[in-house]
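Undergrad: this is a predicted model, with the sequence first.
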Amino acid sequence: MNLSYRAIRRLAAAAVVAGPAAIGLAADAVGIKAAIERGSTYLIEQGQAADGSFSSQVGPAVTALAVTALVQSGTPADDPGVKKALEYLLKFRNADGGIHTPDSKVANYETSIAIMALAACNFGGRYAEELRAAEAYLKGIQWDDAAGKGPDAPAYGGAGYGGKGRPDLSNTAFMIEALRSIGTSQSDPAIERALAFVSRTQNLEGPHNPLPHPAKNPDGGFYYTPAAGGESQAGEPPEGGLRSYGSMTYAGLKSMIYAGVGPDDPRVKGAFDWLKKHYSLSENPGMGQKGLFYYYHTLAKALSAAGVEEFPDAMGVKHDWRVELGEQLLRSQRDNGAWINTEAGWMEGDPKLVTAYALLALVFCIANPPANKP
């Protein structure tokens with residue numbers, strides 16, 4: 001894409017949408033594509049620094065997420081803005097194959113997101129070498145026997161931010177998605193280990209989760225981590241245990257699907273049971289507005305991967321989630337094309353991060369989205 005193409009794209013979007021928050025704006029393919037164009041233009045023309053980065057103060061992860069969002073939502077990989085961002089991103093390659101800041105405390109997160117960005121742009125195998133090295137790095141930092149965590153340990157198979165930090169479901173979900181995005185088999189030992197960890201983040205008693213947390217709150221949803229005694233970002237219910245919440249339940253469902261768990265498995269059924277009881281697009285269930293756009297993009301990926309077109313809630317009402325999510329995102333897009341969360345927790349006060357999440361979600365609101373199940 002060159003400057004003339006970008007100008008045409010901007011004009012086309014403006015012709016379709018007079019205002020981003022227009023009430024009643026149809027979330028059809030035309031309206032969604034216009035919102036994507038406006039969001040993409042915001043990222044490249046207003047959100048990108050001269051060195052190609054997005055939010056460089058927090059390292060390379062937001063840049064990688066922006067690249068992934070741009071390319072998956074239609075910006076060519078050879079667009080000058082994308083190419084500059086990739087050049088910036090590759091400055092963080094390390095000798096061990098990881099793509100992260102020196103002595104990073106979020107090395108798994110940064111490398112996982114970088115893998116997804118490079119995979120989205122890997123036409124003709126142009127980043128094959130970097131991806132092979134990064135894949136080996138991720139597998140090397142996974143919590144496993146080599147880390148002194150055998151199969152019976154709550155931390156086994158998980159991925160954390162890096163260093164000696166405990167593993168968690170969010171990081172493990174990003175790792176699984178990154179590995180599957182480059183064709184890593186569902187039967188790969190790293191994926192199988194990760195699935196063991198994911199299963200232990202679910203409030204579901206059974207052979208896949210022998211830990212004590214589910215017995216106290218057996219609702220089928222997912223929480224943040226079973227490691228180091230367990231933690232839920234949503235807190236603990238009065239009866240004890242770890243409270244399930246929306247973004248982690250969609251992350252758990254998505255991870256299980258990517259790892260090859262079928263729809264008849266009790267773990268998948270348990271996740272859907274919880275999600276039906278807590279279907280919402282006005283909040284991240286259990287967390288309110290916190291992490292709302294992370295929730296949106298995870299919901300979209302999970303339901304698309306599961307092949308869900310109409311989502312039935314606990315009352316039997318069927319929701320066309322693509323239309324409803326599209327309308328929600330179109331209503332919340334700002335005049336400059338960006339999105340931002342008024343609840344700034346989890347970095348969602350950063351419009352570059354939030355716009356990337358929104359673009360990734362909007363892609364799956366179109367009737368024929370790209371295949372997101374690797």
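TA: Okay, I see it. Keep in mind that what you see is a predicted model, and the values were worked out from it rather than measured. Numbering: from 1, shown residues only.

Undergrad: how about Glu348, nearest residue that isn't a chain neighbour?
TA: Asn341 (3.6 Å; Cβ to Cβ, 6 or more residues apart in numbering). Where C-beta positions appear, they are placed from N, C-alpha and C, glycine not excepted.

Undergrad: tell me the phi and psi of the one you found?
TA: Note on Asn341: backbone dihedrals following degrees, to the nearest 10 are phi -100, psi 130.

Undergrad: identify the residues contacting it.
TA: Gln289, Leu292, Phe293, Glu348, Gly349, Val354 (Cβ atoms under 8 Å, 6 or more residues apart in numbering).

Undergrad: quick check: the gap between it and Asn171.
TA: 21 Å (Cβ to Cβ, to the nearest Å).

Undergrad: can I assume Phe92 is in contact with Thr63?
TA: No - look at Phe92 against Thr63 with Cβ atoms under 8 Å: they stay out of range, at 9.1 Å.

Undergrad: please say which of those two ends up with more neighbours.
TA: Thr63 (30 against 20; other Cβ atoms under 10 Å).

Undergrad: what's the helix or strand hosting that one in contact with?
TA: Under the criterion of DSSP states H and E, Thr63 resides in helix 61-72. If you take Cβ under 8 Å, 6+ apart as the criterion, helix 61-72 is touched by 40, 43-44, 47-48, 52-56, 77, 79, 81-82, 85-86, 88-89, 99, 106, 109-110, 113-114, 116-117, 120-121, 350, 352-353, 355-357, 359-360, 363, 370.

Undergrad: let me see the ranges of the helices in the chain.
TA: In the chain, the segments counted as helices under DSSP state H are 3-16, 29-42, 61-72, 80-90, 107-120, 128-141, 169-181, 189-199, 213-216, 246-258, 266-277, 292-305, 321-332, 351-363.

Undergrad: now the last one: mean pLDDT?
TA: Looking at helix 351-363 alone, the average pLDDT works out to 98.

Undergrad: and it with helix 107-120, angle?
TA: Here helix 351-363 runs at an angle of 50 degrees relative to helix 107-120 (axes from the mean of the first three to the mean of the last three Cα atoms, to 10 degrees).

Undergrad: ok, Lys33 to Gly81 distance?
TA: Taking Cβ to Cβ, one finds Lys33 at 19 Å from Gly81.

Undergrad: who has more neighbours out of the two?
TA: Taking neighbours as other Cβ under 10 Å, Lys33 and Gly81 compare with Gly81 leading, 22 against 18.

Undergrad: touching, that one and Ala50? I think so.
TA: No - when contacts are counted by Cβ under 8 Å, Gly81 is not listed as touching Ala50 (11.3 Å).

Undergrad: hmm, His100 and Asn94 touching each other?
TA: Yes - between Asn94 and His100 there is a contact at 6.7 Å, judged by Cβ under 8 Å.

Undergrad: skipping adjacent residues, who's closest to the residue nearest the centre of the chain in space?
TA: Geometric centre of the chain, nearest residue: Thr298, 5.0 Å, by Cα atoms, centre = their mean. Leaving aside its chain neighbours, Thr298 sits nearest to Tyr250 (4.3 Å; criterion: Cβ to Cβ, 6+ apart).

Undergrad: identify the residue nearest Pro102 in space, chain neighbours excluded?
TA: Per Cβ to Cβ, 6+ apart, closest to Pro102 is Asn94, 7.7 Å.

Undergrad: contact partners for the one you found?
TA: His100, Pro102, Tyr137.

Undergrad: so for Ala7, what's the pLDDT?
TA: Value listed for Ala7 in the pLDDT field: 50.

Undergrad: re the thing from before, isn't the residue nearest to the centre of the chain up against Thr249?
TA: No - counting by Cβ under 8 Å, Thr298 stays clear of Thr249, with 9.1 Å between them.

Undergrad: residues in contact with stretch 46-56?
TA: 43, 60, 62-63, 65-66, 81, 83-89, 336-338, 350-353, 355-356.

Undergrad: Asn122: neighbouring residues, count only.
TA: The burial count for Asn122: 17, using other Cβ under 10 Å.

Undergrad: and it, how far from Ser185?
TA: Distance, Asn122 to Ser185, by Cβ to Cβ: 18 Å.

Undergrad: ditto for Glu236
TA: 37 Å.

Undergrad: enumerate every residue touching Glu129.
TA: Per Cβ under 8 Å, 6+ apart, neighbours of Glu129: none.

Undergrad: and it, how far is that from Lys318?
TA: 47 Å.

Undergrad: Gly252 too?
TA: Distance from Gly252 to Lys318, counting by Cβ to Cβ: 23 Å.

Undergrad: which residues touch the closest residue to Arg93 other than its chain neighbours?
TA: Distances taken as Cβ to Cβ, 6+ apart place Ile99 nearest to Arg93, at 5.5 Å, with adjacent residues excluded. Taking Cβ under 8 Å, 6+ apart, we find Ile99 in contact with Pro60, Ala64, Leu89, Leu90, Phe92, Arg93, Glu110, Thr111, Ala114, Ile115, Glu130, Ala134.

Undergrad: would you mind giving the residues you listed as a markdown table with pLDDT and distance to Glu283 added?
TA: Output for the contacts of Ile99, formatted as a markdown table (pLDDT from 0 to 100; distance: Cβ to Cβ, whole Å):
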| residue | pLDDT | distance to Glu283 |
| --- | --- | --- |
| Pro60 | 97 | 30 |
| Ala64 | 98 | 27 |
| Leu89 | 98 | 33 |
| Leu90 | 98 | 38 |
| Phe92 | 98 | 35 |
| Arg93 | 98 | 39 |
| Glu110 | 97 | 28 |
| Thr111 | 97 | 31 |
| Ala114 | 98 | 30 |
| Ile115 | 98 | 31 |
| Glu130 | 98 | 38 |
| Ala134 | 98 | 35 |
